[in-house]
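How does the following fold in three dimensions:
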Amino acid sequence: MLNNLTDCEDGDGGANPGDGNPKESSPFINSTDTEKGKEYDGKNMALFEEEMDTSPMVSSLLSGLANYTNLPQGSREHEEAENNEGGKKKPVQAPRMGTFMGVYLPCLQNIFGVILFLRLTWVVGIAGIMEAFCMVFICCSCTMLTAISMSAIATNGVVPAGGSYYMISRSLGPEFGGAVGLCFYLGTTFAGAMYILGTIEILLAYLFPAMAIFKAEDASGEAAAMLNNMRVYGTCVLTCMATVVFVGVKYVNKFALVFLGCVILSILAIYAGVIKSAFDPPNFPICLLGNRTLSRHGFDVCAKLAWEGNETVTTRLWGLFCSSRFLNATCDEYFTRNNVTEIQGIPGAASGLIKENLWSSYLTKGVIVERRGMPSVGLADGTPVDMDHPYVFSDMTSYFTLLVGIYFPSVTGIMAGSNRSGDLRDAQKSIPTGTILAIATTSAVYISSVVLFGACIEGVVLRDKFGEAVNGNLVVGTLAWPSPWVIVIGSFFSTCGAGLQSLTGAPRLLQAISRDGIVPFLQVFGHGKANGEPTWALLLTACICEIGILIASLDEVAPILSMFFLMCYMFVNLACAVQTLLRTPNWRPRFRYYHWTLSFLGMSLCLALMFICSWYYALVAMLIAGLIYKYIEYRGAEKEWGDGIRGLSLSAARYALLRLEEGPPHTKNWRPQLLVLVRVDQDQNVVHPQLLSLTSQLKAGKGLTIVGSVLEGTFLDNHPQAQRAEESIRRLMEAEKVKGFCQVVISSNLRDGVSHLIQSGGLGGLQHNTVLVGWPRNWRQKEDHQTWRNFIHESDISAYTYEKTLVMEQRSQILKQMHLTKNEREREIQSITDESRGSIRRKNPANTRLRLNVPEETAGDSEEKPEEEVQLIHDQSAPSCPSSSPSPGEEPEGGGEVDPEKVHLTWTKDKSVAEKNKGPSPVSPEGIKDFFSMKPEWENLNQSNVRRMHTAVRLNEVIVKKSRDAKLVLLNMPGPPRNRNGDENYMEFLEVLTEHLDRVMLVRGGGREVITIYS
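Below you'll find the predicted structure:
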């Protein structure tokens, strides 16, 4: 497998001058373009190679160190593009970075950071060795499990610029990828702010304290003055770093080896100091008043009195606690009662100090740091402590969860290897090996540091965050050998380098998200300079980083970025678990030492750590990610990356469909599942779009909707038209907010196509039970005869009404309006019920499907009604039709066989009026019974049919009188004729029945009575 060829990311539409992605036109060496062919001279296309060619030599190691870089893949491309500007393009060199130089050292440099040098000793002093060990173990376990999941994802394919964003978006979809990618971007940006704040803290607290602009007038104002200094200097340093990154990443790349060397030398100096302290501890005395730790800033001699010649004089410490330098001065009560003692701050590893530092000593804000086990004469309870006295005070209230949030950023940075997969010789091997080894190395360093710090350094010194008790030295520097300045200078440069790397990587992560086009308002940040440098993204990154600098407290910024990193790691584990459980065909990682249980454990651990660090920060971070997710889902561009969430949906849909097939659904679970038959014009636009508007009202968000259409012709000739018709229907469904599916069928004739749609629509248990069709417009016109004949054909495969009990009640009310006696009404209703039950027994339908019909236009109207009134819904079931017996007074069957071309038997309104003028005939119960029995003998226009038409006119008058102002009128639709000689009479009957009504819904169902009141 060739791992050096990377695919272009989705969304890169072409050659963009601001993209900066060098595209290779041909992967073959024998290219027709000689200049481009030379670019592949260095490519290794061999299927096998000698062992000596790949084994690392001393010279290759030195060469790799000389060319070492810790920049992500996109930054390298931008640097090469910048170097090649104005000159001949250099040949493309094959990536030759191995595991050590390409993954291990960058991960090592990213993981070791400011927390190790500035806060780890304080964490150990506050939490104790046991709790600090548990804290470090939990955090390192979290990153190790994440690294295992990340290795599986990274070895499933090449990971281009974007790192974790690319992995999550291609595994869980653009919504999750965009949300988590932006959260990871915010975390990386705030990490840059944290590194800059660490740089300023080292500068002002340990290197040049005199550079402070804001001075505190008293001890209580020192914290506020320090924060203001951090804001001013942090803004200046951020501006300088952003300028350096803007000018060119090659300048950042030149100092990468220096920053790496500072980190490694500082750690080696700490271990050397630990070894030396075992037999020769360094001399860092600390001064205690009673059991209270004193700050060394205001005095030099740790004593109340001193001897000068033969005279006893007071020291500077005396002047700090007493009103004057004289022996008879009034002094602080605690100062008077307790003695001043001096102990060694670094007793050494052989001193047995580990037992004293084993347990925690959590402090509240403003409390004096005290040494356990020292004799002290206390004061009465409630006696206030003077903040101007030279004590070492706790600057914040500490507890375990807070320490976890502050410490966790020290284990981040594990993505450095996966971000550089395109620069590696064998990414499938180097990424898992290098990342896991780097995490194992850093975990061993952190765990050993916890134990060694607790064994070598005095507890009060460990709890002294800023080293005030050891003359203002960096606490971890007091342990280092040969000098504390090794740690101070090394940590200063390493934090500077980490800040530059964050300002280099974060804009490129934002650029990768912007180029994918999943977040529309971020697309402007995908462009930059001609070489692809993300100028606008760098500007936004600097602005967000300034927010973290204005917070000005390292301890306040660290939990914020912990949230974003933990969320990113959580979704990396989720992505691996989902892909593993779904067993998708494209999930074939070369890294085999993973399991979904490990990924699930890592995901659970990340989620638990989020709420352990800060539950309100966790909720805010999850709210931000949720808002971004919903925004991308609502406004984002459609991307199809074959993600795991889509596969999860397919698996869930398959499971649900199989469950639906286990048995027939209960009546309570009935849902309107509509098949909407629409007609498209020559431009493949829907003729009656109001059908979908009615559909959304009928369905009320429940059930299934299938919108179908039929195109006449052959599939090969009309396939493009079918695709355009589907797209038009989808757009209309989206506009009408109808959620469902569309299906366009190509058939030789319209009748067969409709029949195929009705028979084959749906899948498994999700089949339609209702068909919605449009009333044939202009059916009286000769050229439109095929349309309404197809409508009659569709009615021919229908059954009786579905809600039979409701229809019976409606009929009873209508019969009352027709002034029948009570006995006549009862006999009529009983006959209708018997006829219905007889038809059901004869029919014995296999299933029931409801179809509704709304007439589009009525006969006699001079102007057309709106299109929403021209709809017909009616029921579809087994292709059998209820049998019927001849009504009284009907002519023999032979007398009704007349050629419809010679004799026009259509009953119109004019004929009805003429008949009424001749003399009103009484409406008999037998005539009404003929109408309600719905016997499809429309082809025989005899006296019974004339009476039926009169009944329709009278019934229409009653309905109009009762429901003229109704928004919708529901009627039972009579059955269609069994043969085609009386089709026109049937259509005219429906026109007469629905005349002068704005909206009519004709209901015809399956003929089953369903009563759910007692079920």
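
Which parts of the stretch 401-550 of the chain are helices?
Using DSSP state H, counting those that start in this stretch, the helices found in the stretch 401-550 of the chain span residues 427-456, 459-462, 475-479, 484-516, 535-551.

So for Q690, which of these sits nearest?
With distances scored as CB to CB, the stretch of the helices of the stretch 401-550 of the chain nearest to Q690 is helix 484-516 (38.6 Å). Just so you know, the C-beta spots here come from the backbone N, C-alpha and C atoms, and that holds for glycine as well.

List the buried residues in that closest one.
484, 486-516 (16 or more other CB atoms under 10 Å).

Same check on stretch 612-629?
612-614, 617-618, 621-622, 624-625, 628-629.

and those residues, which of them are in helices?
Cross-referencing the buried residues of stretch 612-629 against helices under DSSP state H gives 612-613, 617-618, 621-622, 624-625, 628-629.

with those in mind, which one is nearest to G1005?
Y629 (43.2 Å).

so the closest one makes contact with G177?
No - with contacts counted by CB atoms under 8 Å, Y629 stays clear of G177, the gap being 9.8 Å.

buried set for stretch 349-366?
Quick answer for stretch 349-366 (16+ other CB under 10 Å): 349, 351, 353, 356-357, 360-363.

Can you add distance to T293, pLDDT and secondary structure and give those residues back as a markdown table?
A markdown table is the format used below for these (distance: CB to CB, whole Å; pLDDT from 0 to 100; DSSP: H, G, I helix; E, B strand; the rest coil):
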| residue | distance to T293 | pLDDT | secondary structure |
| --- | --- | --- | --- |
| A349 | 22 | 88 | coil |
| S351 | 18 | 86 | coil |
| L353 | 16 | 90 | helix |
| E356 | 14 | 90 | coil |
| N357 | 15 | 92 | coil |
| S360 | 17 | 92 | coil |
| S361 | 12 | 92 | coil |
| Y362 | 16 | 94 | coil |
| L363 | 12 | 92 | coil |
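
could those go into JSON lines alongside distance to N291?
Output for those, formatted as JSON lines (distance: CB to CB, whole Å):
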{"residue": "A349", "distance to N291": "24"}
{"residue": "S351", "distance to N291": "19"}
{"residue": "L353", "distance to N291": "16"}
{"residue": "E356", "distance to N291": "13"}
{"residue": "N357", "distance to N291": "16"}
{"residue": "S360", "distance to N291": "17"}
{"residue": "S361", "distance to N291": "12"}
{"residue": "Y362", "distance to N291": "17"}
{"residue": "L363", "distance to N291": "14"}
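
Could you say which helix or strand holds the closest residue to E736 other than its chain neighbours?
Leaving aside its sequence neighbours, E736 sits nearest to L692 (CB to CB, 6 or more residues apart in numbering; 4.3 Å). If you go by DSSP states H and E, L692 is part of helix 690-699.

what's the average pLDDT for that helix?
In this model, helix 690-699 carries a mean pLDDT of 80.

Check stretch 210-224 too.
Mean predicted confidence for stretch 210-224 is 84.

First-to-last residue distance for that stretch?
For stretch 210-224, the first-to-last residue distance is 16 Å (CA to CA, to the nearest Å).

again, but for stretch 303-311
End-to-end for stretch 303-311, by CA to CA: 15 Å.

again with stretch 316-328
15 Å.

Show me which positions of it end up buried.
317-318, 320-322.

what's the neighbour count on L403?
By the criterion of other CB atoms under 10 Å, L403 has 23 neighbours.

residues in contact with it?
123, 126-127, 132, 135 (CB atoms under 8 Å, 6 or more residues apart in numbering).

and if we set it to 10 Å?
L403 sits next to 119, 122-124, 126-127, 131-132, 135, 360, 362, 555, 613 when contact means CB atoms under 10 Å, 6 or more residues apart in numbering.

Of those, grab the buried ones for ChimeraX.
Listed next is the ChimeraX selection for buried residues among the contacts of L403, using 16+ other CB under 10 Å:
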select :119,122,123,124,126,127,131,132,135,360,362,555,613
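
Which ones among the contacts of L403 lie within strands?
Residues of the contacts of L403 located in strands (DSSP state E): none.

Now flag whichever of the contacts of L403 is closest to E308.
W122 (38.6 Å).

any weak-confidence spans in the chain?
1-96, 158-164, 382, 419-422, 531, 636-645, 700-701, 777-945, 978-983, 1006-1015 (pLDDT under 70).

the domain parsing of it - what is it?
Domains of the chain are assigned by the TED database as 96-283+390-613, 616-662, 664-774, 945-1003.

what ranges do the helices span in the stretch 601-750 of the chain?
Going by DSSP H, counting those that start in this stretch, the stretch 601-750 of the chain shows helices at 615-635, 644-660, 690-699, 715-735, 750-760.

Can you give me the buried ones in the lengthiest helix in the chain?
Ranked by residue count and defined by DSSP H, the top helix of the chain is helix 120-154. Neighbour counts using 16+ other CB under 10 Å place 120-129, 131-133, 135-136, 138-154 of helix 120-154 among the buried residues.

And for stretch 539-549?
540-542, 544-546, 548-549.

What ranges does the stretch 251-400 of the chain have for its strands?
Taking DSSP state E, counting those that start in this stretch, the strands of the stretch 251-400 of the chain run over residues 285-289, 292-293, 305-308, 311-314, 340-344.

which other helices and strands contact the fourth one?
Read that as strand 311-314. Packing contacts for strand 311-314, counted by 3 or more CB pairs under 10 Å, 6 or more residues apart in numbering; DSSP states H and E, involve strand 305-308.

Quick check: buried residues in the strand it packs on?
For strand 305-308, using 16+ other CB under 10 Å, no residue counts as buried.

try stretch 984-1000
Going by 16+ other CB under 10 Å, stretch 984-1000 has these buried residues: 984-995, 997-1000.

Restricting to C-alpha, output that stretch in CSV.
What follows is stretch 984-1000 as a C-alpha-only set of coordinates in CSV (Å, rounded to 0.1, in the frame of the first residue of the first chain):
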residue,chain,number,x,y,z
GLU,A,984,-69.2,10.0,-17.4
ASN,A,985,-72.4,9.5,-15.4
TYR,A,986,-70.3,8.7,-12.3
MET,A,987,-68.2,11.8,-12.8
GLU,A,988,-71.3,14.0,-13.3
PHE,A,989,-72.8,12.5,-10.1
LEU,A,990,-69.8,13.5,-8.1
GLU,A,991,-69.9,17.0,-9.6
VAL,A,992,-73.6,17.4,-8.7
LEU,A,993,-73.0,16.1,-5.2
THR,A,994,-70.2,18.6,-4.5
GLU,A,995,-71.6,21.7,-6.2
HIS,A,996,-71.3,25.1,-4.5
LEU,A,997,-69.0,23.6,-1.9
ASP,A,998,-65.5,25.2,-1.6
ARG,A,999,-63.6,22.2,-0.2
VAL,A,1000,-64.9,18.7,-0.1
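
neighbouring contacts of stretch 576-583?
Applying CB under 10 Å, 6+ apart, the set of residues contacting stretch 576-583 is 145-146, 148-153, 156, 167, 171-172, 176, 571, 584, 586-587, 589, 594-603, 643-648, 650-651.

For the buried ones among these, write the corresponding ChimeraX selection.
Here is the ChimeraX selection string for the buried members of the contacts of stretch 576-583, based on 16+ other CB under 10 Å:
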select :145,146,148,149,150,151,152,153,156,167,171,172,176,571,584,587,589,594,596,598,599,600,601,602,603,643,644,645,647,648
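
G703 and S295: what is the separation?
Using CB to CB, to the nearest Å, we find G703 at a distance of 75 Å from S295.

more neighbours, the two?
S295 (24 against 17).

list the contacts for that one?
Taking CB under 10 Å, 6+ apart as the definition, contacts of S295 comprise 219, 286-287, 320, 369, 389-393, 464, 466-472.

Over to it: give its phi and psi.
phi -80, psi 140 (degrees, to the nearest 10).

can you tell which of the domains of the chain is closest to E311?
Nearest to E311, of the domains of the chain and by CB to CB, is domain 96-283+390-613 at 24.9 Å.
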